[in-house]
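K.L.:
Quick one: sequence and predicted model below, then my questions.
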Amino acid sequence: MQLMEPGLESPLTREFDVARIRGDFPILDLKVNGRPLIYFDNAASSQMPQPVIDRLVRYQTTQHANVNRGVHYLSETATAEYEEARCKLQRFIHAREAREIIFTSGTTDAINLVMHGYGRRFIGAGDEIILTTLEHHSNIVPWQMLAEEKGARIRVVPVNDAGELLVDQYEALFSERTRLVGVLHVSNALGTINPIKSMVAYAHAHGVPVLVDGAQGAPHMNVDVQDLDCDFYTFSGHKMCGPTGIGILYGKAELLERMQPYRGGGDMILSVTFEKTTYNTLPHKFEAGTPPIAAAIGLGAAVDYLLGVGMESIATHESSLLAHATARIGHVPGVRIIGTAAAKTAVLSFEVEGVHPHDIGTLLNQEGVAVRTGHHCVQPVMARFRVPATTRASFAFYNTIAEVDSFIESLRAVREIFVP
Amino acid sequence: MITKSLYQEVILDHNRKPRNYGTLGNATHQAVGHNPLCGDHLDIGLRIEAGHIHEIAFQGESCAICKASASMMTTAVKGKACSDAETLIREFREMAVGTLNPGGPHHLGRLTVFAGVRDLPTRVKCAILPWHTLQAALDSVATASTEAEEDPMHVTIGDA
């Protein structure tokens, strides 16, 4: 009998029922300051559904031991479950092979791995790295550290007033010395979806590999790394209903094989003497020490959950939330939306004339509404739009139109406190 | 409840119409305060003569809590001895972090409208920034009397 893989969408799960979905997220029943929680800080971290929580409990109560070493039952079970999680992640982003999936502690860790493993080996004095204005600090700072160490140079792709990359200027930045492109799939601050496939194709025509920071992409859309043809793709578990402390580096096997290890230690070796150490094969070469086993298995369960809901359904629902919120907030006086790209995920960054974002955040919290205020770890974006900070509402598939309406009413009330 | 009591009329009024807002042409002491967490910054200038704050002015970009705190601070310390200002700085900081006994003796007067920040850990820094910056200005080299040009002392609160 052919068992259906839990990761595959069945026609029965296609119908999107937000009330049923909300029932899977116990934290959404929380009251904050006496009001029902409205959680609009999903771009910072998403919430965890009961099946993922249950999976973590099942692992800890019946399957836990260290992986890749013991010959006993629990170690074999933990190893099998850990590797099964890797296969789930492989299928989730359509990687060719499971060994192209490296478990890291998160997106930041994954980018640092590429900086050390690839950058320090293949980027030298006078070489150039192309980044974009939209990058999160985590895809800027590691490259600055490398540039400083090696005497390399960082070139930056500018954006237009809508927050879209200027593709002609991106192409104009390429030179004989370009060695790597780093670009985020989706802007965490503005929601802009970047044209990754064509940017990758252009870079490859110049023999340049591309690292895509997918932290805000993977949770919200179907990602096919073979179709994008990117060389590296990084993302985090906790932004896609999984645990914190786990993230993914996808890399093309031939690149990962040419890279030097990032951390040395147990598990990443085949043999060690004081004269010479032989490194382990992929993916273990990059997973020194005991990995976050429970978190990896939890992330595998999160992937099952997301695919059960359906990435297309998720994208459709989130897009309707964004459209509704964008229309409604446009009627609140003094509001300026920061980030109006044609292709956007459900991120609404804005400023309210005469009201500081931190005051908005504190007063919305009074009404149970959780939003992010600040520079969102993208100070170059804030500088580009000449704002010190913004307020950001970021939606997930378990949010509702009613929540958006309630948020807009609270925002009106906040504004009236300051601008009577 | 907690929050609403913090955003009371006196704070909103100082936010809308900050007192002593601007720069001093004849400052003897100055400092810059910065909160990288929210991008807020604040310049404070003082004219100190004979151990007293004769003039004080501030300007900058900040949230309502920070701006009102700065505005009310300037009215509280203007004309006072530097040592009295330092007592207020200490008491304000203790109030903001919740270690001051509001029933006990203190000199804060109307500044107790900021007592509510102790329940909002992320906002404590907003209220305290002006006071840290004032302390830095008091500690700074008197810029008007030095021969070499010295950087005013910088204060940074929070982490990015």
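P.N.:
Looks like it arrived, so ask away.
K.L.:
Next, the residue nearest the centre of chain B: secondary structure please.
P.N.:
Centroid-nearest residue in chain B, with Cα atoms, centre = their mean: B:Pro130, separated by 2.6 Å. Following DSSP: H, G, I helix; E, B strand; the rest coil, B:Pro130 is assigned to helix.
K.L.:
how about the closest residue to A:Leu270 other than its chain neighbours, what does it touch?
P.N.:
Nearest residue to A:Leu270, sequence neighbours excluded (Cβ to Cβ, 6 or more residues apart in numbering or on different chains): A:Thr278, at 4.4 Å. (Glycine included, C-beta is placed from N, CA and C.) Counting by Cβ atoms under 8 Å, 6 or more residues apart in numbering or on different chains, A:Thr278 makes contact with A:Ile269, A:Leu270, A:Ser271, A:Val272.
K.L.:
for the closest residue in space to the residue nearest to the centre of chain B that isn't next to it in sequence, helix, strand, or coil?
P.N.:
Excluding its sequence neighbours, the residue lying closest to B:Pro130 (Cβ to Cβ, 6+ apart) is B:Ala70, at 3.6 Å. Here B:Ala70 is recorded as helix under three-state DSSP.
K.L.:
how deep is B:Ala70 tucked in, by neighbour count?
P.N.:
29 (other Cβ atoms under 10 Å in any protein chain shown).
K.L.:
Distance-wise, check it relative to chain A.
P.N.:
According to Cβ to the nearest Cβ, to the nearest Å, B:Ala70 stands 13 Å off from chain A.
K.L.:
And the residue nearest to A:Leu270, how close does it get to A:Ala98?
P.N.:
22 Å (Cβ to Cβ, to the nearest Å).
K.L.:
Could you do A:Gly70 as well?
P.N.:
Distance of A:Gly70 to A:Ala98, given as Cβ to Cβ: 21 Å.
K.L.:
Could you check which of the two is surrounded by more residues?
P.N.:
A count of neighbours by other Cβ under 10 Å puts A:Ala98 above the other of A:Gly70 and A:Ala98, at 17 against 14.
K.L.:
still on that earlier bit, need the contacts of A:Thr278 in CSV (columns: neighbour count, distance to B:Gly98 and secondary structure).
P.N.:
Converted to CSV, those look like this (neighbours: other Cβ atoms under 10 Å in any protein chain shown; distance: Cβ to Cβ, whole Å; DSSP: H, G, I helix; E, B strand; the rest coil):
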residue, neighbour count, distance to B:Gly98, secondary structure
A:Ile269, 16, 51, strand
A:Leu270, 11, 56, strand
A:Ser271, 9, 57, strand
A:Val272, 12, 53, strand
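K.L.:
For these, name the two members farthest from one another.
P.N.:
Farthest apart among the contacts of A:Thr278 by Cβ to Cβ are A:Leu270 and A:Val272. That separation is 8.4 Å.
K.L.:
Where does pLDDT dip in chain A?
P.N.:
A:1-14 (pLDDT under 70).
K.L.:
So which bits of it are right by chain B?
P.N.:
A:33, A:355-359, A:362-363, A:365-366, A:373-375, A:377, A:379, A:382, A:388-389, A:417-418 (Cβ under 8 Å from any Cβ of the partner chain).
K.L.:
Among the residues you listed, which lie within strands?
P.N.:
Mapping these onto strands (DSSP state E) picks out A:Thr373, A:Gly374.
K.L.:
tell me which element B:Ile48 falls in.
P.N.:
Using DSSP states H and E, B:Ile48 maps to strand B:40-49.
K.L.:
any idea how far the residue in chain A sticking out farthest from the centre lies from A:Pro261?
P.N.:
In chain A, the residue that sits farthest from the middle, by Cα atoms, centre = their mean, is A:Glu275; the gap is 40.4 Å. Counting by Cβ to Cβ, the gap from A:Glu275 to A:Pro261 is 18 Å.
K.L.:
what's the next secondary structure element after the helix or strand bottoming out on mean pLDDT in chain B?
P.N.:
For chain B, scoring each helix and strand by mean pLDDT, DSSP states H and E identifies helix B:2-6 as the least confident one, at a mean of 63. Where DSSP H and E defines the elements, the next helix or strand beyond helix B:2-6 is helix B:9-16.
K.L.:
So which elements touch the following helix or strand past that following helix?
P.N.:
Next along the chain after helix B:9-16, taking DSSP H and E as the criterion, comes strand B:29-35. Other helices and strands packing on strand B:29-35, by 3 or more Cβ pairs under 8 Å, 6 or more residues apart in numbering or on different chains; DSSP states H and E, are strand B:40-49, helix B:121-139, strand B:153-156.
K.L.:
Mind listing the strands strand B:29-35 pairs with, and their directions?
P.N.:
Taking DSSP bridges as the criterion, strand B:29-35 forms sheet pairs with strand B:40-49 (antiparallel), strand B:153-156 (parallel).
K.L.:
what mean pLDDT does the shortest one have?
P.N.:
Within the predicted structure, the mean pLDDT of strand B:153-156 is 66.
K.L.:
go on, the longest one?
P.N.:
Averaged across strand B:40-49, pLDDT comes to 93.
K.L.:
since we're on the one residue in the stretch 101-250 of chain A that gets nearest to chain B, how many residues are nearby?
P.N.:
Chain B sits closest to A:His137 of the stretch 101-250 of chain A, with a gap of 8.0 Å, by Cβ to the nearest Cβ. With neighbours defined by other Cβ under 10 Å, the count for A:His137 comes to 16.
K.L.:
That one: what's it in contact with?
P.N.:
A:His137 touches A:Cys377, A:Val378, A:Gln379, counting by Cβ under 8 Å, 6+ apart.
K.L.:
what number of residues lie near the second one?
P.N.:
Here the number of neighbours of A:Val378 (other Cβ under 10 Å) works out to 24.
K.L.:
go on, the last one?
P.N.:
A count of neighbours around A:Gln379, defined by other Cβ under 10 Å, yields 17.
K.L.:
Quick check: nearest residue in space to it, chain neighbours excluded?
P.N.:
Nearest one to A:Gln379, counting by Cβ to Cβ, 6+ apart, is A:His137 at 7.2 Å.
K.L.:
quick one, phi/psi of that neighbour?
P.N.:
Note on A:His137: its backbone torsions stand at phi -50, psi -30 [degrees, to the nearest 10].
K.L.:
for A:Phe350, same thing?
P.N.:
Dihedral pair for A:Phe350: phi -160, psi 160, per degrees, to the nearest 10.
K.L.:
Would you mind listing the residues in contact with the residue lying closest to A:Val212 once chain neighbours are set aside?
P.N.:
The shortest distance from A:Val212 to any non-neighbouring residue, by Cβ to Cβ, 6+ apart, is to A:Cys230 (4.4 Å). Residues in contact with A:Cys230 (Cβ under 8 Å, 6+ apart) are A:Ile196, A:Val200, A:Val210, A:Leu211, A:Val212.
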